[in-house]
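In: fold the following, please.
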Amino acid sequence: MTFVVRLTPSARRDRDRVLAWYDVEVPDQAERFIDEFYAAARRLEGFPYLGPIVRYQVRRVSLRVFPYHLWYRVREEAGLVQIVAVLHHRQDSSCFEDRLE
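Out: Numbering: from 1, shown residues only. Now for the predicted structure:
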């Protein structure tokens with residue numbers, strides 16, 4: 001079964017914030033970041049249980065090159081992978097605790 005991957009509005013803002021940073025600070029890496037972001041999302045379409053459960057049934061998978069995690073929830077009954085956050089590896093996950101419940 002192939003799952004559909006969707007970003008919550010908060011996750012979309014996270015992704016856009018990261019992309020904006022790369023556009024300004026390291027412009028030659030911006031396209032590479034977005035390519036890797038969507039490659040990770042495509043992996044989750046076929047392997048939604050790839051990442052370990054971190055808390056509240058939310059899983060986490062790392063991007064391969066960039067220091068970011070996709071935090072996501074699997075809605076098996078709906079065939080949906082819902083990305084709830086895009087966080088830097090060093091970012092404190094408590095800043096988005098309200099998205100997990």
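In: Arg42 sits in which helix or strand?
Out: Using DSSP states H and E, Arg42 sits in helix 27-46.
In: what's the mean pLDDT across stretch 15-33?
Out: For stretch 15-33, the mean per-residue pLDDT is 96.
In: actually stretch 51-69, sorry about that
Out: Taken as a whole, stretch 51-69 carries a mean pLDDT of 93.
In: which outside residues touch the helix holding Arg42?
Out: For helix 27-46, the surrounding residues in contact (C-beta atoms under 8 Å, 6 or more residues apart in numbering) are 2-5, 15, 18-19, 22-23, 50, 61, 63-66, 68, 70, 72, 81, 83, 86. Just so you know, the C-beta spots here come from the backbone N, C-alpha and C atoms, and that holds for glycine as well.
In: if we go to 7 Å?
Out: If you take C-beta atoms under 7 Å, 6 or more residues apart in numbering as the criterion, helix 27-46 is touched by 2-3, 5, 15, 18-19, 22-23, 50, 61, 63-66, 70, 72, 81.
In: in that helix, what's buried?
Out: Of all the residues in helix 27-46, those buried under the rule 16 or more other C-beta atoms under 10 Å are 30, 33, 36-37, 40-41, 43-44.
In: again with stretch 1-15
Out: Within stretch 1-15, the residues scored as buried using 16+ other C-beta under 10 Å are 3, 5, 7, 11, 14-15.
In: just flag the most distant two among those.
Out: For the buried residues of stretch 1-15, the maximum inter-member distance is 20.3 Å, found between Phe3 and Asp14 (C-beta to C-beta).
In: strands along this protein, start to end?
Out: With strands called from DSSP state E, the chain shows them at 4-7, 53-55, 58-62, 68-75, 80-88.
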